[in-house]
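# 3D model of this:
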Amino acid sequence: MSIKGIKKQFVTLSDVAEAAGVSVVTASRALRTPEMVSLAARDRVDAAVRALGYVPNPAAQALASARSRIIGVVIPSVTNQVFADLLRGVMDAVEGTPHAPQFVNTRFHGVREEDLLRVMATQRPAGMIVTGIDQTEASRAILSDMGCPVVQVMETGPDPMDMMIGCDQVAGGRAAVRHLLERGYRRVAFLGARMDPRAQRRFAGYRAVMEAEGLDDPALVVTTAEPSSYSVGGRLMADLLSAAPDAEAVFCNNDDVALGALFECQRRGIRVPSRMGIVGFNDLDISACSVPTITSIRTHRYDMGHRAVEMILAALDGDRPEAPVIDLGFTLMDRQSSRRLEGKKT
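Residues are numbered from 1 along each chain as shown. Reported below is the predicted structural model:
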């Protein structure tokens, strides 16, 4: 849109972004932390500012500078152990500091996240920790306008809002499938529940390996929008066995689904791992206690929460990390559920 098309009594940052052809987040960065924005983008923003006569609201800036001791933490679930581990890391990291965490639950809804962030902005937080890398443009703009350190957690990506710490979810999916193939399984299926953005990336890793090996088959993919649970995992396994009775192994998008798949195999007398291999994701405690134990991709969630707080506190002291993205990696926990006994399939 041309600058001539924007004529208002009060020019906003959104107007500047639109005129410059950049996102609101980029426009905000260009004005507040120009070293984080390309020279070309800075030039366009500067030109838009001059042409529109944009003047930052000094009252709003003064309000933003009066920080609370709150560190906001945005998670999509309070019942999932995955996020409980993350919160435990946050709680341990703030202990003994002047800061206190404030948690909100989006329930995996982007619009709800926007609404909650607007509420949190009124608290003038010292820093924000948000789950994932798929915030809406509105959420990104709200976070940027808070003017505080922001850490995206649980995964990594190419475009951090500010700082980021997590693991490569796609790579984790690839590693799980390669492990099963290396163990001699060929008809490897994917079972997925809820299919939030992180599950979608794990599935992308699965599909990339299966396509590369010439083994991709739509009949081997069974997913649902339902939240994950043992019962859902069992139902997905039952659906898979109906659609592809020759399936030899399953990569499940989380351990709840993997445990449910195991229980369904046991109900049907299907031996794991000789007849069916199973790999989960996240490595919950129960995966090391089941019979047989479940192979899973361990993600370092406690460390993500703990270090996210440390990154915010360091940034508040003017000591930002040289690399804004920290990849903590993952660990494949090789257990009984994927140790196929060659020549003894039953």
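
# Can you tell me what sits against stretch 214-230?
186-195, 203, 207, 210, 232, 235-236, 239-240, 243-244, 247, 253-254, 256-257, 259-260, 263 (C-beta atoms under 8 Å, 6 or more residues apart in numbering). Quick note: C-beta positions are derived from backbone N, CA and C, even for glycine.

# which among these end up buried?
Buried members of the contacts of stretch 214-230, scored by 16 or more other C-beta atoms under 10 Å, are 187-195, 203, 207, 210, 232, 235-236, 240, 244, 247, 253-254, 256-257, 259-260, 263.

# mind listing which of those are in helices?
203, 207, 210, 232, 235-236, 240, 256-257, 259-260, 263 (DSSP state H).

# Pull the most distant pair out of those.
Greatest spacing in those, by C-beta to C-beta: R207 and F263 (26.1 Å).

# who does the helix or strand harbouring F251 touch, helix- and strand-wise?
Taking DSSP states H and E as the criterion, F251 maps to strand 249-252. Packing partners of strand 249-252 (3 or more C-beta pairs under 8 Å, 6 or more residues apart in numbering; DSSP states H and E): helix 169-182, strand 188-193, helix 230-243, helix 255-268, strand 277-282.

# What about D285, how many residues nearby?
Counted with other C-beta atoms under 10 Å, residues neighbouring D285 total 9.

# Equivalent analysis for V111, please.
11.

# same thing with P158?
So P158, with other C-beta under 10 Å, has 7 neighbours.

# ok but it is inside a helix, no?
No. Assessed with DSSP: H, G, I helix; E, B strand; the rest coil, P158 is coil; it does not lie in a helix.

# what's the pLDDT at it?
Note for P158: predicted pLDDT of 89.

# which residues does it contact?
With C-beta under 8 Å, 6+ apart, P158 has no contacts at all.

# Quick check: it vs P292, distance?
Distance, P158 to P292, by C-beta to C-beta, to the nearest Å: 39 Å.

# cool, and L259?
11 Å.

# what does V119 give?
For V119, the distance to P292 - C-beta to C-beta - is 46 Å.

# what's the domain layout of this protein?
Per automatic domain parsing, the structural domains of the chain span 3-56, 69-167+301-330, 169-298+332-338.
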